[in-house]
Every structure is written in C-alpha cells, then in structure tokens.
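1. Make a model of this:
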Amino acid sequence: MTRDITSGPVRFTLEVKPIPDRIATVRVFVGAVARQMGCSEEDAEDARLAASEACAVAMVGSDAQSGSLSVTAERTDHAVRFTIARRPPQGSDPGAPGPTTSDPPPGLAEVVPGGLDVVRALFADTETVADSSGAAAVSFGVPATPEIRS
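-> Next up, the predicted model:
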C-alpha cells in the first residue's frame, strides 16, 4: 500500500552516541527510512553506505565520543534528504557564536581531505553544512518516487 505525499514535510530523526558500534544502528535506520519513503532498494543501499561514511567522518577528532550523532531524514518532492550532524555535548557553551556563510561548520575543518569522497561519488549533491542547531553536518539527497509506503 502507498500514499501520496500531499501535506507538509515527512521527517524522521535518530540520535545516537558517536561510537563505532552505533553505525550499524544508523545504517538500519537510514535503509528502512529510505525504503519507506520511496527510494529504490539500490538507492537505499547507497544511502546506507553514505551514512556509514558520513558517521565515520563525524567521529574524527580528539573528543570523538562526546556529544551525539543526529541523523535526520526529510522527504522533499523527489528525494529523501539525509543530514548527519555531530552535536556537541549538552551543557556546552550555548553562547558560542554560530557559523557564518564563509566559515566551514565546526568540526569538519579538521577532517582529512577526501573523507567524504565516497558520499560525493554516490550522491552528487552532498554538502557540508551546519544543521539547525549549528552543528557540523553532512547532507545528501537520495532520489525517491512521489509516494511513501505505508
């Protein structure tokens, strides 16, 4: 059974600790959401791989296990947009200035060049951004049909 998307965005979010064991949880979430939101099986598998790579990049750094990884999937007209963000620990400085358009999101500047090559090879619209909370994020769109499975 399917239903047509007619009102407002459809959005799912998963938040996990930034430890390697949780990448499997992210992969299951991304694959299930992609399929449910109308992506082909092949594109869902590509999304799972891209999410794994984005999580690995997000976990790079000296304070690798603090904070959380947030994975958001939002349905647009013909795609599912996944955003994977590295969020700082709760209680960190809320008054710190946010990113500007000329600054890379905090946390992505020290990533080894080429760290997102696999994600970019799978999804040409891959970008590094700051999510709604100002956290460093990787975002990519996965093609989808205009119907959601229910």
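2. from here on, contacts and neighbour counts on C-alpha atoms
-> OK.
3. Looking at this protein, which helix is longest?
-> Longest helix in the chain, counting residues (DSSP state H): helix 41-58.
4. Now do that one: everything it contacts.
-> Contact with helix 41-58 is made by 18, 20, 23, 26-28, 30-32, 34-35, 69, 84-86, 107-108, 111, 115-116, 118-119, 122, 137-138, 142-143, as judged by C-alpha atoms under 8 Å, 6 or more residues apart in numbering.
5. Figure out how far the following helix or strand past that helix is from the centre of its chain.
-> Using DSSP states H and E, the helix or strand that follows helix 41-58 in sequence is strand 68-75. Here strand 68-75 is found 5 Å from its chain centre; the criterion is C-alpha atoms, centre = their mean, to the nearest Å.
6. Next, the angle from strand 68-75 to helix 41-58.
-> Angle of strand 68-75 versus helix 41-58, following axes from the mean of the first three to the mean of the last three C-alpha atoms, to 10 degrees, is 150 degrees.
7. helix or strand right after strand 68-75?
-> strand 79-87.
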